[in-house]
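>>> make a model of this:
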Amino acid sequence: MKSVKKELFEKVLESLKKEIEERKKHIESLEEAIRKAPSRNESRYDSMREEYEYEKLAYERKVSELESIYSYLKEMEKKIVEEKKEIDNFSFVKLRSKKDEKKLFILPSLGGKKIEDILIMSPSAPLFKAIRGKTEGDKIEMLGKKYLIVEVR
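Numbers count the residues shown, from 1 in each chain. The predicted structure follows:
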């Protein structure tokens, strides 16, 4: 049986692959739009081709960045899915208050992205700095709310 952390890691990779593919499809549609747009010689007032080229360049840069992140995460897979006792990089954490529950996955990139009900958090986030080194059963206070750390993997 797969661990919760392994399943979550696979969902993160799947989400990344999907985003990369969607952006590549958009790049293809931009390439088609560039081919069809009038050139400067054909229309001195129309700058659509140039705008499409700028947008395509931005998408290509983002695809390159996402592919680098994907490669890094694949290389770090064994370390990422390793179970932990203390909260640190690559930890899965569940926090519970009287009113809600938060699930966090600490990854060095993709901070702010959500996979189902789990928030990916960057190690540079203030919350991470507050919970780093804590273990199950520890209590923290965040934005006036008290949380109990109920799970660390």
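>>> which residue, neighbours along the chain excluded, lies closest to the residue nearest to the spatial centre of the chain?
For the chain, Leu110 is the residue whose C-alpha lies nearest the centre (Cα atoms, centre = their mean; 2.6 Å). Nearest residue to Leu110 in three dimensions, chain neighbours excluded: Ile120, at 4.8 Å (Cβ to Cβ, 6 or more residues apart in numbering). In this view, the C-beta of every residue, glycine as well, is placed from N, C-alpha and C.
>>> hmm, back to that, wait, the residue nearest to the centre of the chain sits on Val12?
Yes: with contact defined as Cβ atoms under 8 Å, Leu110 reaches Val12; the gap is 7.0 Å.
>>> list residues touching both of these two?
Ile120 (Cβ atoms under 8 Å, 6 or more residues apart in numbering).
>>> follow-up on the earlier one: beta partners of the residue nearest to Leu110?
Legend: beta-bridge partners of Ile120 under DSSP bridges are Phe105.
>>> now it: how far from Lys24?
22 Å (Cβ to Cβ, to the nearest Å).
>>> of these two, who's got more company?
The residue with more neighbours, out of Ile120 and Lys24, is Ile120; 19 against 13, by other Cβ atoms under 10 Å.
>>> tell me the contacts of the more buried one?
Val12, Leu104, Phe105, Ile106, Leu107, Leu110, Gly111, Gly112, Lys113, Lys114.
>>> which pair in these spans the largest distance?
Ile106 and Lys114 (14.1 Å; Cβ to Cβ).
>>> and this protein, split by domain according to the record?
Per automatic domain parsing, the structural domains of the chain span 4-80, 83-152.
>>> need the ones you listed in TSV with mean pLDDT, can you?
Shown next, in TSV, are the domains of the chain (pLDDT from 0 to 100):
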stretch	mean pLDDT
domain 4-80	91
domain 83-152	93
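>>> where do the strands of the protein begin and end?
92-96, 101-106, 114-115, 118-121, 139-142, 145-152 (DSSP state E).
>>> so can I have CSV of these showing distance to Tyr59?
Output for the strands of the chain, formatted as CSV (distance: least, Cβ to Cβ, whole Å):
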stretch, distance to Tyr59
strand 92-96, 31
strand 101-106, 26
strand 114-115, 22
strand 118-121, 22
strand 139-142, 36
strand 145-152, 38
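>>> which among these is found nearest to Lys78?
strand 92-96 (15.4 Å).
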